[in-house]
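J.: Dropping the sequence and predicted coords here.
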Amino acid sequence: MKKLILIRHAKSSWEHDVIDHQRPLKKRGVNDANLVSNALYERNEVPNIVLCSDAMRTKMTAEIFISNLNIDNSIVHFNHELYDFSGSDLVKIIKSCDDSINTLMIFGHNHAITAFVNTYGDRYIDNVPTSGVVVIQFGIDQWRDLNSGKILYSIFPRDLKSSKK
């Protein structure tokens, strides 16, 4: 069995005069990433490895999750190929993971995250929102055999905010 924890970067800011790759998070993004990562902490998910797009907004999101989940920085790897919006590089990277990795955490971008979830998950999600987490389990022993999996759960900021009202 393999488990994939997919996380879309938090809400980014358009207020800075920087290229897309360098856009930071806005305050709402930081707050949502903290909210969702603390909820994920309650699920006791422990990844063997963390892969993250090297874009500023995904790095900042990952730093919040890594801190709140007490993940050792030695298992965190930044990969420019995950600065992927179509999803083709995302699939390629997942399929090329070492088979000793049973729980893989990835921080990436939309449309790639939502497209992956709807291609490989067992239910349709219209849009994985910023700071959204989707956890999928696959009945495989080798990542290269990636096929349809079961969505175990998702954690979206709006669901956590609405439950606090």
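T.: Alright, I've got the coordinates.

J.: Mind jotting down where the strands sit in this protein?
T.: Using DSSP state E, the strands of the chain run over 2-8, 49-53, 76-79, 103-108, 133-138, 150-155.

J.: Could you report the neighbour count for the nearest residue to residue 135 once chain neighbours are set aside?
T.: Counting by C-beta to C-beta, 6 or more residues apart in numbering, residue 135 lies nearest to residue 152, which is 4.6 Å off, once chain neighbours are set aside. Bear in mind the C-beta positions are built from the backbone N, C-alpha and C, glycine included. Other residues near residue 152 come to 16 when the count uses other C-beta atoms under 10 Å.

J.: What of residue 69?
T.: 19.

J.: I'd guessed it sits against residue 36; true?
T.: No: using C-beta atoms under 8 Å, residue 69 makes no contact with residue 36, being 10.7 Å away.

J.: wait, isn't residue 41 in contact with residue 68?
T.: Yes: counting by C-beta under 8 Å, residue 41 touches residue 68, with 5.8 Å between them.

J.: Kind regards, and thank you for your time.
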